[in-house]
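[1] Next input, structure requested:
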Amino acid sequence: MDMIYIFLIITVIGAILHLFISKAPKTKNRIMEVFLLWFLVIIVGIGSIWAFIGHWFMANTIAAIIGWPAGNPFQSEVGIANLSYGILGLLCWKFRDNFWIATAIAITVFYWGAAYVHLINIAQTGNMAPGNAGFALYIDIIIPIILILLLVGYHFTSKNQPEVAE
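    Numbering: from 1, shown residues only. From the prediction side, this is the model:
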């Protein structure tokens, strides 16, 4: 089973359990916040660290899955980029607000850039390897959309929150 499925399952179940266990009111804003948190920490954080491990320590295997030649230094660069996104994602557990926005922007640029490269590669070479086309490509497009929708939902629902007196 591809790890992205496991990360998606952990994200959704983790967010639902978080909401269920939390004593905080389950407002629309709280639901958006919790799902956004879990997507950032699990999908971006742990998922990107998992990608780093693959690109860094199993570079030839990952290159074969993508349908690209082994031994190319792009693997190390992509690995380190994934490590940086992974660290950003994990830090979202501690830092909020604009940090979440910056993390979502960073991973969106990377994922959509990767999707563009994969689409160009498919058009130019017909490379339909599993890591170049199909679910891997869809994830590069869909995850940023989910993050953007959650961020927008979180932002707009926070405007409707009543002020809490301290």
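[2] Flag the shaky bits of the chain, pLDDT-wise.
    The chain contains residues with pLDDT under 70 at 1, 160-166.
[3] tell me the helices in it, going along the chain?
    For the chain, the helices defined by DSSP state H occupy 3-21, 28-38, 47-57, 59-66, 74-91, 98-125, 135-159.
[4] Which residue comes closest to residue 50 once chain neighbours are left out?
    In space, and not counting its chain neighbours, residue 50 is closest to residue 3: 5.7 Å by Cβ to Cβ, 6 or more residues apart in numbering. The C-beta positions use only the backbone N, C-alpha and C, and glycine is treated the same way.
[5] Tell me who's in contact with residue 86.
    44-52 (Cβ atoms under 8 Å, 6 or more residues apart in numbering).
[6] Quick check: the gap between the residue nearest to residue 50 and residue 126.
    Between residue 3 and residue 126 the distance is 26 Å, computed by Cβ to Cβ, to the nearest Å.
[7] When these two are compared, which one has more neighbours?
    Ranked by neighbour count (other Cβ atoms under 10 Å), residue 3 and residue 126 place residue 3 first, with 12 against 9.
[8] distance of the residue most central in space within the chain from residue 15?
    Central residue check for the chain by Cα atoms, centre = their mean: the C-alpha nearest the mean position is that of residue 44, 3.3 Å away. Separation of residue 44 from residue 15 (Cβ to Cβ): 14 Å.
[9] for residue 39, same thing?
    Following Cβ to Cβ, the distance that separates residue 39 from residue 15 is 8 Å.
[10] Tell me which of these two has more neighbours.
    The neighbour count for residue 39 versus residue 15, taken as other Cβ under 10 Å, is higher for residue 39 (28 against 20).
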